[in-house]
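Asker: Requesting a structural model of the entry that follows:
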Amino acid sequence: MTKRKKRIVRLKQAKGDVPFKLIGQVLEDCGYDLVRTKGSHFYFQHFFFKTTISVPVHGGRIKPVYVRRIITLLGL
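Answerer: Numbers count the residues shown, from 1 in each chain. Below is the predicted model:
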């Protein structure tokens, strides 16, 4: 199993808060780049489709409700 697949599996199986580093890596694996940071929100944009995903980060962790939303948006 590749590192990318392992990260996606860890993201899907997470029960509580998820580290921002994991979300950032998964988004970059899916073709998103960090384009802007404003306060506690990080904005990732897809290089081809030009869609933007906002990720609120508080204390280096991301709440499960936002993780589920990201999984849905990415179609994982």
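
Asker: what comes up buried for the helix or strand where residue 65 lies?
Answerer: Per DSSP states H and E: residue 65 is located in helix 64-74. Buried residues in helix 64-74, counted by 16 or more other C-beta atoms under 10 Å: 66-67, 70-71, 74. Bear in mind the C-beta positions are built from the backbone N, C-alpha and C, glycine included.

Asker: Show me the contact partners of that helix.
Answerer: Under the contact criterion C-beta atoms under 8 Å, 6 or more residues apart in numbering, helix 64-74 has outside partners 11-12, 14-18, 23, 26-27, 30, 53, 55-56.

Asker: Which of those residues fall within helices?
Answerer: 11-12, 23, 26-27 (DSSP state H).

Asker: Take the buried residues of helix 64-74 and write them to JSON lines, including distance to residue 42 and pLDDT.
Answerer: As requested, the buried residues of helix 64-74 are exported to JSON lines (distance: C-beta to C-beta, whole Å; pLDDT from 0 to 100):
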{"residue": "66", "distance to residue 42": "11", "pLDDT": "89"}
{"residue": "67", "distance to residue 42": "14", "pLDDT": "89"}
{"residue": "70", "distance to residue 42": "11", "pLDDT": "89"}
{"residue": "71", "distance to residue 42": "17", "pLDDT": "89"}
{"residue": "74", "distance to residue 42": "15", "pLDDT": "86"}
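
Asker: Just give the closest residue to the residue nearest in space to the middle of the chain, not the sequence neighbours.
Answerer: Central residue of the chain (C-alpha atoms, centre = their mean): residue 23, 3.2 Å from the mean position. Among residues not flanking residue 23 along the chain, residue 62 sits closest, at 5.6 Å (C-beta to C-beta, 6 or more residues apart in numbering).
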